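S.K.: Show me how the following folds:
(chains A, B, C and D, ligands or ions: 6)
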Amino acid sequence: MEFSWMVGGEAGFGIMASGLTLSKTFARGGLHVFDTIEYPSLIRGGHNTCMVRTANREVHSHTGYIDMLVALNEETIHLHKDEMAQTGCILFDGMHEPEDRFGVHADISLFPIPLGDIVKDIGGRPIMRNTAAIGATIALIGYDLSILEDLLADMFKRKSEDVVRDNIHVARAGYDFMMDNHPGGSGIIVKPQDNYRRMVVTGNEAVGLGALSAGCTFYSAYPMTPASGILHFLAAEERNYNLVVKHTEDELAAILMAIGASHAGVRAMTASSGGGFSLMVEALGLAAMTETPLVIMEGQRPGPSTGLATRTEQGDLRFVLHASQGDFPRVVIAPGDVEECFQAAGHAFNLAEKYQVPVIILTDKFLTESHKTVLAFEPVPVDRGMLLDEAHLDRITDYKRYEITDSGISPRIIPGHRNGVFRANSNEHDEYGFDLEDPLNRTAMMDKRMRKLEQIASELPEPHLYGPQKADVTLLSWGSTKGPILEAMLLLKNNNITVNFLQIMNLHPFPLEKVTRIMKRATLTIDVENNKTAQLAGLIREHTGLKVDEKILKYSGRPFTPEEIANSVAEVVEHGRK
Amino acid sequence: MEFSWMVGGEAGFGIMASGLTLSKTFARGGLHVFDTIEYPSLIRGGHNTCMVRTANREVHSHTGYIDMLVALNEETIHLHKDEMAQTGCILFDGMHEPEDRFGVHADISLFPIPLGDIVKDIGGRPIMRNTAAIGATIALIGYDLSILEDLLADMFKRKSEDVVRDNIHVARAGYDFMMDNHPGGSGIIVKPQDNYRRMVVTGNEAVGLGALSAGCTFYSAYPMTPASGILHFLAAEERNYNLVVKHTEDELAAILMAIGASHAGVRAMTASSGGGFSLMVEALGLAAMTETPLVIMEGQRPGPSTGLATRTEQGDLRFVLHASQGDFPRVVIAPGDVEECFQAAGHAFNLAEKYQVPVIILTDKFLTESHKTVLAFEPVPVDRGMLLDEAHLDRITDYKRYEITDSGISPRIIPGHRNGVFRANSNEHDEYGFDLEDPLNRTAMMDKRMRKLEQIASELPEPHLYGPQKADVTLLSWGSTKGPILEAMLLLKNNNITVNFLQIMNLHPFPLEKVTRIMKRATLTIDVENNKTAQLAGLIREHTGLKVDEKILKYSGRPFTPEEIANSVAEVVEHGRK
Amino acid sequence: MAESKDFRTDKKPVWCPGCGNFGILTALRGALADSGYEPHQLMIVSGIGCHGAVIQYVNANGFHSIHGRTLPVATGIHLANHELCILTMVGDGDGYGIGMGHFIHAMRRNLDMTQIVHNNKLYSLTTGQTSPTTDKGRPTKSTPFGVIEIPVNPLTLALSSGATYISRGFAGDPPHLRKLIADAMAHKGFALVDVLQPCITFNHANTNAFYKERVYKLEDETGYDPGDRQAAYERALEWGERIPIGLFYRESRPTYEDEVVTLKDMPLVKRPIKGVDITKTLEQFL
Amino acid sequence: MAESKDFRTDKKPVWCPGCGNFGILTALRGALADSGYEPHQLMIVSGIGCHGAVIQYVNANGFHSIHGRTLPVATGIHLANHELCILTMVGDGDGYGIGMGHFIHAMRRNLDMTQIVHNNKLYSLTTGQTSPTTDKGRPTKSTPFGVIEIPVNPLTLALSSGATYISRGFAGDPPHLRKLIADAMAHKGFALVDVLQPCITFNHANTNAFYKERVYKLEDETGYDPGDRQAAYERALEWGERIPIGLFYRESRPTYEDEVVTLKDMPLVKRPIKGVDITKTLEQFL
Ligand SMILES: Cc1ncc(C[n+]2csc(CCOP(=O)(O)OP(=O)(O)O)c2C)c(N)n1
Ligand SMILES: Cc1ncc(C[n+]2csc(CCOP(=O)(O)OP(=O)(O)O)c2C)c(N)n1
Ligand code: SF4
Ligand code: SF4
Ligand SMILES: [Mg+2]
Ligand SMILES: [Mg+2]
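M.R.: Ligands and ions are numbered 1, 2, ... in the order given. Take a look at the predicted model:
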């Protein structure tokens, strides 16, 4: 069973909320869900959609086709009729099918429903049309309405009983309307599956949860799509976890406050998108030079500049790899899905503290704002590395904050101890942190800092190879493309093309050995990226000398659909076979 | 004839000025000169040096040995005695050779001279000790004092006749003292050569002159070593060339004002070092997205962060290549000497305007603050590219500022014409500049912008290969290492090692073909860079798949000496031959 | 001469119905007509935020810049071509938050331009976080337990920093605002028009009704003299039952470009750039 | 208790002989002794400029940050551990130029920290370019034909923005400055100590003698009340024959950390971070 549903309408119609409601309704029925939103950068008007895809197996991404379209305005039908599955159906706000059937193919059923009137009848707000539509959806697919009712009760209980009652009423009215008028349903059947209650979580939330679980207590940020979700999530949790969450005056202050807080001894994080990260570039070097642990999430969106503020792209890989003047160690991790976001956050804090380096979690709008079901999150145990405790400090007489060691790691302390007075210094410095211009010291300090990369590289897990060891095609990619690629692999299986997929999550330090091994034994390598210049392919070649055979690139500001990838792969293979 | 002279003392002793005075004295005698300064980041105290190297052939860099050391304090002797040439000499402020001869090798002659007393005698300021020392130097090498006298007259005539007289007096006193006490001189002979009057120019000044000559009339910047020299130079020339030179509130404003000015139709430039460039990163993308021509000089110094503020390094290559979110076209040019700085500025403005892209001139402290003699500068003819004139605009009805063309270049105008109202937009936009989120338009606009790189690549001159076509060793490098490398080649010649050198000046778009060709036919390739991670080597491999055989890297904050390079090359060759 | 309607484009504003930006747009188009400038003689630099879209709807040269950076862009344009009439249209987050540094320094320069601040006391395009003008204690998406800092006072900052035309308008009174903007444009020097702009979607405290009840016009106050800095300072501090709008302060001081000698004869952009001769300058290197 | 000499390090200051920074250093060490804090309880965050080296010479925890960014670094440290006593030591370029935005926003927060500004009215470490406090008309390396903009007035800006201790000291009078700094440190809230600092190498206008002739102490003025905002404003505007130093204004207002509920019990840094249980939060995702 697989089902792909989309709701579309103007910004301000509550599209996102309604998608989430349906996602949770499916998740509570033990189903797997993935949902994703598309919206322009404005508050009202313009066209918004949310696609919810559910199945009784893990769902890794949205799809390129729609089984059921809920059109809150007519424009939605015109914009999406070409994406309809062959036997799909459209549910729209109205009483009657118009004569021209909106020009929709005859195989597509149309289900008019007077959403507005249903809401008006109980004096509800227009935004509640969504709830009626979800009720109607449930009727048309034979799902269990009581799950939705319970969900609505939970969702709105904090508001008031009236709100709960009204919402349930509207949902039921939508449901009843369809049961009354189309008792046969849509022909699509979606049934609850098991008793697992899966969570429906975005990448942003997963990073936020990962940070909480990792003991992060300081978050400073400036709002910027698609990273704002973390700010909102953590701000709301401030008092539950004794955090300090600070909306700063700009991104410079955001990263600098996080550096200050981390210097003082707490786990601190900031996040932004490429534009805001641009403003953090100078301070990134400060963290590096003072060896202050720091976690940054960079949620990519299409650049350059403001670009497409609410869309997705993977155009910042090279940027985060090389941002700020001079050579210094950093870690770049690009999780591919919601579970990996949670894990990445946990690991990021450990790596940041153990190696006293900045760690960048590189995501994108598609990952941070799409929901996926997760059964549970596995916490990453906290490892603060060489952080000397009070007892140790009591015994120390000559503390060298920047001691030159074999590993490059110098024991760190929490400032405030009598025996641990020291200077953090953006200037090149001696082992105590005092200014020092000496060329030998400079070389030694550069070597010390850079030496950490070796140990980091050996600690980071190797990239994972999905699919068979031997395959017709080896896909290489990073970040959020993981979902559509995994789905595409399912499609290609049916197409008699065996595919495996190397997901390069830890991008820096670069996993040289495994990538080389896989590249060398691959029959045909294809780089899949959501950007114009195939940044990963360049990185692979820089490190391994090896060139990918083909590239599948998309930079329209939209994520890949599984079908696009599958088709492109098939084409490449076809072409090769000719 | 070759002569290497160094003056050393505390900051505030006028070290830099005295080096320049000697350089010009040599240059006015028709000699070639290179001088370079080393100083810590402070105003007084600390150890400063200036090395002046002169010869009757082009001098490309300083050297690792000193023929004559002028020690304005004793520390200078201790710090530099190991760098003395075997038959070198030391001139120091004092009346007598101390018994221990400062522990200096017996082959080194010591020339005490009471510089302080000489200056005191005429009631001069202590800083005039330098002038006396230069007079003394001239005596010791048998050079022509009248050249110095003429120079001092020219230099100080703007101040007053008294100042001229005092300076000449002091110079002569220094000269006479040595003639009287050491009529045999130092054994080193430096004679004026020809009648060419060579200019003594820094990289900063050459960039500034190149900008003036290119018609740049707007310069906005925030002071930062080693780029401040351009600000000082252009500010002083403001009224001579009808410029607007603006010291802004920060580097963000510096680049944004330049973007604004360029948008309005003038040629505009900004400059900084890596830290200031970090603050320009967001606006760099704005220039790219609005296709506003822009020239930026980035003068590298050792990072990360404040690092060694007054020293040199080549650590920002990758940074400037990838700064700012998203993929967009840019040009990166790294001139290798003063002439190339001048040329680079001229070309940068042409490229910026023809292709409507940001152009980065990548230099470093060693290049921007060292002087070299130049006979003349060859102006680069101004080419503003597709800039529609009034007459053209008078005829236009439907002006599309961002018209999608085959070349990717859309005709530009100077805003203010009735038929040319348009919007520059940091958001992705249509051909008129209006917001547009459409995925097809997005892809087309990305393609359009990136397409320009092809034409730029074909227009940029190929990298130059110095030395024989076939050689034992092929050196690859970029930027200011050119000087020490060319000198090292001379040394290696005497060592029976044939060397050629590929200077990659245009780093982006990358000169794929020539680099591949040279790499492929080379016997042994060695990458020479003033950084820790061999950034050029990585870039070469990313583009060509080819790995350099060996690397010679230095990241102590100091430039290479020719001897260091020659020795390292010899070692590599030796090692290979074994 | 151009009329209000000549400053329309064929784009339909995407602002929420009822948004204060509509009032500002109306007032602006009127003021542009009043100013006597034609579309091509104008340059409007906008920031990023709901307000930023304004350049889509005004027929004039526009530069949709980046968040918080309108003033340096505008300054560069102005210094290159001071014959263009320049307006910056920014948000409160844009102009008083991330852009605070540029704001203060631009006023010190007394550049001849007009800054219109769409002050909805919130970050609206990013869905309702606190802004530097949000009232203390107010819960927002980024401050669910209330804002801790006190709001900035743009007017006293402007008085401290050398702006020479300091005013506040109200988006709910477009005719009055039109006059303020037109006067600001006519003023030679840096003119600030802070506009109280209801955001109907996210700001449920500072609504149209809230302001309607409270605003009063300084020009209606007998004896109020916009030449009196002290009086201006006192009114600038007033915020509560009564909220003053209108012209707080005006002063005549040379503008920046007046004092740049190299701009005296003609704008930079009019100077020929080909064949510049640098020989004379080269002498200093001998 | 620590004495002045306990705040020395064995580094020899690299400032020019006669530089005003020496006076500030002396005053600072004295004030630190007066404060009762010991070196490890202090955290001094400095900017980049001649002043920035100060952390090399004071025996206390130090953070030599980047140009213009001391305040956000200090804010982060403070919010993570408000038991540390925090000072920021910045230049006029640093604090009022590139760092202007942070300055205004930090004051709105009334963070409990002391900001000491080494105001030499010039960018000195970079060899003498104009600063935002350079007098109008003054030629500098970056403005050889004179500065055009009017200088910022840090005191009126501080009054506008919510600083709760606003003062000015003079590097040529270390005992007086020592008292000001000590009082600023004792003050609960954001304290500004703007220090008139002669730069003997580059600033030949605002010399020690220049100031010696002009400065007078507010505490010597009969009837001057630092609780009177209006009086403070007037004195803040005074600059010429007479230049006031001392405490201009003091106010008591809750500090930022007073209002952050999660900092009530203990500083963040004291909370254990291992084994955080997020199960309850996970419910919202069901
Ligand atoms: C450097 C940067 N940081 C963050 C953002 C995201 N952003 C877009 S609009 C905005 C705030 C808008 O607030 P305001 O300026 O008051 O405008 P309004 O939407 O209220 O009109 C932010 C933070 C951005 N575009 N650039
Ligand atoms: C981002 C950045 N821009 C520029 C510089 C170069 N810089 C170092 S100190 C300084 C100015 C110092 O002036 P001020 O803050 O007044 O300190 P002072 O030297 O006068 O004490 C500048 C511009 C820098 N370090 N970082
Ligand atoms: S969100 Fe507020 S400011 Fe933005 S368009 Fe809607 S009402 Fe206007
Ligand atoms: S240059 Fe000026 S501020 Fe810097 S140390 Fe010297 S006198 Fe002091
Ligand atoms: Mg706003
Ligand atoms: Mg200063």
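S.K.: Kindly report the residues of chain C close to ligand 6.
M.R.: Residues of chain C lying close to ligand 6 (C-beta under 5 Å from the ion): none. Using the backbone N, CA and C atoms, a C-beta is placed for each residue, glycine as well.
S.K.: what sits against residue 229?
M.R.: If you meant another chain, say so; for now it's chain A. By C-beta atoms under 8 Å, 6 or more residues apart in numbering or on different chains, the contact set of A:Gly229 is A:Thr202, A:Asn204, A:Glu205, A:Gly208, A:Thr368, A:Glu369.
S.K.: that answer is for a different chain, and I need it for chain C
M.R.: Contacts of C:Arg229 (C-beta under 8 Å, 6+ apart): C:Leu159, C:Tyr249, C:Glu251.
S.K.: which of these are buried?
M.R.: Taking 16 or more other C-beta atoms under 10 Å in any protein chain shown as the criterion, what is buried in the contacts of C:Arg229 is C:Leu159, C:Tyr249, C:Glu251.
S.K.: Which ones, among those residues, also lie beside chain B?
M.R.: Restricting those to those within reach of chain B (C-beta under 8 Å from any C-beta of the partner chain) leaves nothing.
S.K.: Present those residues as CSV; the columns should include secondary structure.
M.R.: As requested, the buried ones among the contacts of C:Arg229 are exported to CSV (DSSP: H, G, I helix; E, B strand; the rest coil):
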residue, secondary structure
C:Leu159, helix
C:Tyr249, strand
C:Glu251, coil
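S.K.: In CSV: those, plus pLDDT.
M.R.: Formatted as CSV, the buried ones among the contacts of C:Arg229 follow (pLDDT from 0 to 100):
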residue, pLDDT
C:Leu159, 97
C:Tyr249, 98
C:Glu251, 97
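S.K.: What is the nearest of those to ligand 6?
M.R.: Comparing these against ligand 6 with C-beta to the ion places C:Leu159 closest, at 25.3 Å.
S.K.: Kindly reformat the buried ones among the contacts of C:Arg229 as a markdown table containing distance to B:Asn195.
M.R.: As requested, those are exported to a markdown table (distance: C-beta to C-beta, whole Å):
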| residue | distance to B:Asn195 |
| --- | --- |
| C:Leu159 | 64 |
| C:Tyr249 | 66 |
| C:Glu251 | 61 |
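S.K.: On the pLDDT front, check the residue nearest to A:Gln325 when sequence neighbours are not counted for me.
M.R.: Nearest non-adjacent residue to A:Gln325, counting by C-beta to C-beta, 6 or more residues apart in numbering or on different chains: B:Gly274, 2.4 Å away. On pLDDT, B:Gly274 comes in at 98.
S.K.: Output the strand or helix carrying A:Gly229 as CSV, nothing but the C-alphas.
M.R.: Per DSSP states H and E, A:Gly229 falls inside helix A:228-237. Extracted as CSV, the C-alpha positions of helix A:228-237 are listed here (Å, rounded to 0.1, in the frame of the first residue of the first chain):
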residue,chain,number,x,y,z
SER,A,228,14.1,29.2,11.9
GLY,A,229,12.3,26.0,12.9
ILE,A,230,15.0,25.2,15.3
LEU,A,231,14.7,28.6,16.9
HIS,A,232,11.0,28.3,17.3
PHE,A,233,11.3,24.8,18.7
LEU,A,234,14.0,25.5,21.2
ALA,A,235,12.5,28.8,22.3
ALA,A,236,9.3,27.0,23.2
GLU,A,237,11.3,24.4,25.1
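S.K.: near ligand 1 at all, it?
M.R.: No - against ligand 1, helix A:228-237 shows no contacts by C-beta under 6 Å from any ligand atom, the least distance being 8.0 Å.
S.K.: any idea how far that helix is from the chain center?
M.R.: How far helix A:228-237 lies from its chain's middle: 15 Å, per C-alpha atoms, centre = their mean, to the nearest Å.
S.K.: Just the mean pLDDT for that helix, thanks.
M.R.: Helix A:228-237 comes out at a mean pLDDT of 98.
S.K.: residue in the stretch 51-200 of chain C nearest to ligand 5?
M.R.: C:Gly91 (3.9 Å).
S.K.: Please name the bridge partners of that residue.
M.R.: With DSSP bridges as the criterion, C:Gly91 is bridged to C:His118.
S.K.: Distance-wise, check it relative to ligand 3.
M.R.: In this view, C:Gly91 and ligand 3 are 8 Å apart by C-beta to the nearest ligand atom, to the nearest Å.
S.K.: just C:Gln197 next, same as before
M.R.: 7 Å.
S.K.: for residue 41, what are its contacts?
M.R.: The chain I'm using is chain A. A:Thr225, A:Leu308, A:Ala309, A:Thr310, B:Asn427, B:Glu437, C:Leu125.
S.K.: nope, chain C
M.R.: Counted by C-beta under 8 Å, 6+ apart, C:Gln41 has contacts B:Gly416, C:Glu83, C:Leu84, C:Cys85.
S.K.: try it again with 7 Å
M.R.: B:Gly416, C:Leu84, C:Cys85 (C-beta atoms under 7 Å, 6 or more residues apart in numbering or on different chains).
S.K.: circling back: so how far is C:Gln129 from the residue of the stretch 51-200 of chain C closest to ligand 5?
M.R.: Distance of C:Gly91 to C:Gln129, computed by C-beta to C-beta, to the nearest Å: 12 Å.
S.K.: More neighbours: the two, which one.
M.R.: C:Gly91 (32 against 23; other C-beta atoms under 10 Å in any protein chain shown).
S.K.: wait, doesn't that one sit right on C:Ser46?
M.R.: No - with contact defined as C-beta atoms under 7 Å, C:Gly91 does not count as touching C:Ser46 (9.1 Å).
S.K.: Now tabulate the contacts of C:Gln41 in JSON lines and tack on distance to ligand 2.
M.R.: Below are the contacts of C:Gln41 laid out as JSON lines (distance: C-beta to the nearest ligand atom, whole Å):
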{"residue": "B:Gly416", "distance to ligand 2": "34"}
{"residue": "C:Leu84", "distance to ligand 2": "30"}
{"residue": "C:Cys85", "distance to ligand 2": "33"}
